[in-house]
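Student: Any chance you could fold what I've pasted below:
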Amino acid sequence: MNLSDEQAAFLLDMCKLIQYATEQGFKVTGGELARTPEQQAIYFKTGRSKTMNSIHLKRCAMDLNFFKGDKIIWDKEILAPLGHYWEKLNSKNRWGGNFKSLVDCPHFERNI
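Tutor: Predicted coordinates for the structure are as follows:
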């Protein structure tokens with residue numbers, strides 16, 4: 001698969017995840033998808049990222065915002081079923097809640 005094929009497959013899985021989350025009672029809003037190298041350098045320098053090689057740079061990662069009512073949900077235990085669902089959609093899918101170096105629960109990526 002070339003990069004545009006991976007990006008297209010990633011977005012189709014994101015559609016499934018958002019639909020699933022909505023069915024589970026979450027309101028979902030979009031966060032960051034594309035990221036410039038300059039923005040990544042800022043995140044790396046400030047500790048918001050542990051790498052300069054973020055999948056966001058390839059547009060195969062997205063941060064989502066999950067709400068119950070008007071309250072944003074960051075809790076790993078509450079979001080874990082969504083992460084599990086995401087990773088079951090494709091063997092390349094990884095959820096940031098399972099990262100070891102920097103737990104990032106709103107982060108969903110396709111590891112290419």
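Student: which intervals of this structure have sub-threshold pLDDT?
Tutor: Nowhere does the chain drop to pLDDT under 70.
Student: longest single strand anywhere in it?
Tutor: strand 61-68 (DSSP state E).
Student: List the strands paired with that strand, with their directions.
Tutor: strand 27-30 (antiparallel), strand 71-73 (antiparallel), strand 107-110 (antiparallel) (DSSP bridges).
Student: and after the second one, which helix or strand comes next?
Tutor: Sequence-wise, the next helix or strand beyond strand 71-73 is helix 76-89, with elements assigned using DSSP states H and E.
Student: Could you export that next one as PDB, CA atoms only?
Tutor: What follows is helix 76-89 as a C-alpha-only set of coordinates in PDB (Å, rounded to 0.1, in the frame of the first residue of the first chain):
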ATOM      1  CA  LYS A  76      -8.100   5.700  30.200                       C
ATOM      2  CA  GLU A  77     -10.400   3.300  31.800                       C
ATOM      3  CA  ILE A  78     -13.500   4.900  30.300                       C
ATOM      4  CA  LEU A  79     -11.900   5.200  26.800                       C
ATOM      5  CA  ALA A  80     -10.300   1.700  26.900                       C
ATOM      6  CA  PRO A  81     -13.200   0.000  25.100                       C
ATOM      7  CA  LEU A  82     -12.800   2.500  22.300                       C
ATOM      8  CA  GLY A  83      -9.100   1.800  22.100                       C
ATOM      9  CA  HIS A  84      -9.800  -1.900  22.100                       C
ATOM     10  CA  TYR A  85     -12.300  -1.500  19.300                       C
ATOM     11  CA  TRP A  86      -9.900   0.600  17.300                       C
ATOM     12  CA  GLU A  87      -7.100  -1.900  17.500                       C
ATOM     13  CA  LYS A  88      -9.400  -4.800  16.500                       C
ATOM     14  CA  LEU A  89     -10.400  -2.900  13.300                       C
END
